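Engineer: Kindly return the folded structure for what I paste below:
(3 chains)
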Amino acid sequence: MPVDMRVASPEDAASPSRAPLLLAPLQLAPLLLAWYDGHARALPWRTPPGDATPPDPYRVWLSEIMLQQTTVAAVAPYFARFTARWPTVAALAAADEGELMAAWAGLGYYARARNLIACARAVVDGHGGRFPDTETALRALPGLGAYTAAAVAAIAFGRRAVVVDANVERVTTRLFACPVPLPAARPRIRALADTITPGERAGDFAQAMMDLGASICTTRKPRCLLCPLATLCHARATGDPEAFPVKCMKKPRPHRRGIAYWLAAEDAVLLVRRPDKGLLGGMRALPGGDWGAIAEPAPPADADWRPIGTVEHVFTHFSLSLDVMAAALPMRPFADRPGAQWWPIETIDEAGLPTLYARAAMLGRATHPEGLPA
DNA sequence: CATCCGTGGTA
DNA sequence: TTACCAAGGAT
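Structural biologist: Here you go, the predicted model:
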């Protein structure tokens, strides 16, 4: 049987009918940290165990931004390329914005890339090139919300901060068998996480919670037999730990259809730059209309347009069937202009196209390998 | 509080 | 295969 962690809280005193708040024993953090000392994942942005070198706030920050809603496997190669190309926050602040956006292409959530450079410049211009070392000051930087500010404060600067991400939410709601459904449970989860966060090694504690959530306390089929906290876990005691966290129903994802145009001429293809705000904001793209709009988009030039395939793509809040139309002209009907440029087809992979358009471009390149009429 | 914002892996 | 979801933030 698990140790009984229930104690009365001030909140319960105010509303006796409510279920008692659960508090973990103080032994939880030492138990988890001991497990972490032997089982921490080796990740590119972590200092090796036993290495006394203080963490580089720039690398901690960069990794945390990249890891927002993004898996470790997806982030790793991007982190390697970014740190090789821009080794310091000063270097990143001086980066060409277009090059940075292109380097981010494929990772998704492109507002992160725009905020990344804005944050680097704020650190250089407003903080003398050094990241602020308090949670409050970090929270004021572009792209740093409650989670990231707490994570950087704890991991990079050793501050005690309550770090709550999806892993911590899962682990915590299971430890306490929290019955309140998300997202309404967030304030309570944070309060619960606060009670188990230690004063020392808060950064290691946060990373330990996330490693535990990633490798043992997983969304589906948690490996409770390997969990160092199993004896403290109320969800495990219920026999169905997967039932936590409790979640509300989601809306169905609508489907949209759209058109993109592959216009080839003189070994090049016409690319446009999307508006800074909104979907794929600031990224290069193939010409085409706004999907879901009533009117069909006009082709970028008069030509013999032919359908060359359809790209199926799934975004967060809708799925898309993108019909790709292609045409080739013997000469460019117009030169580069603001918001549009001719890009060599041979190096289209270096254009920094987001995944949707990279797939459309694969269809186009197969149709017009040299940009000449077939 | 709800909505918008990418992508690829997993069962 | 479909559905879910991952080191969230901005508005």
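
Engineer: where's residue A:219, which helix or strand?
Structural biologist: Assessed by DSSP states H and E, residue A:219 sits outside every helix and strand.

Engineer: What of residue A:313?
Structural biologist: With DSSP H and E as the test, residue A:313 turns up in strand A:306-314.

Engineer: helices or strands up against that strand?
Structural biologist: strand A:319-329, helix A:355-367 (3 or more Cβ pairs under 8 Å, 6 or more residues apart in numbering; DSSP states H and E). Where C-beta positions appear, they are placed from N, C-alpha and C, glycine not excepted.

Engineer: For whatever helix or strand comes next after the shortest one, list the C-alpha coordinates in CSV.
Structural biologist: By that I understand strand A:319-329. Along the chain past strand A:319-329, the next helix or strand (assigned with DSSP H and E) turns out to be strand A:340-344. The C-alpha atoms that make up strand A:340-344 are tabulated as CSV, following Å, rounded to 0.1, in the frame of the first residue of the first chain:
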residue,chain,number,x,y,z
ALA,A,340,8.7,37.0,-54.3
GLN,A,341,11.9,35.6,-55.7
TRP,A,342,13.2,33.0,-58.2
TRP,A,343,15.0,30.2,-56.5
PRO,A,344,17.3,27.7,-58.3
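
Engineer: got a list of contacts for strand A:340-344?
Structural biologist: Strand A:340-344 is contacted from outside by A:265-273, A:284, A:287, A:300, A:332, A:335-336, A:351, using Cβ atoms under 8 Å, 6 or more residues apart in numbering.

Engineer: returning to that earlier point: which one of the helices and strands packed on strand A:306-314 lies nearest to residue A:132?
Structural biologist: Within the helices and strands packed on strand A:306-314, the stretch nearest residue A:132 is helix A:355-367; the backing value is 34.4 Å (Cβ to Cβ).

Engineer: ok so, going back, list only buried entries from the contacts of strand A:340-344.
Structural biologist: A residue is treated as buried here by neighbour count (16 or more other Cβ atoms under 10 Å); on that basis the buried members of the contacts of strand A:340-344 are A:265-266, A:268-273, A:284, A:287, A:300, A:332, A:351.

Engineer: Can you pull the phi and psi angles for residue A:247?
Structural biologist: Residue A:247 adopts backbone torsions of phi -130, psi 150, taken as degrees, to the nearest 10.
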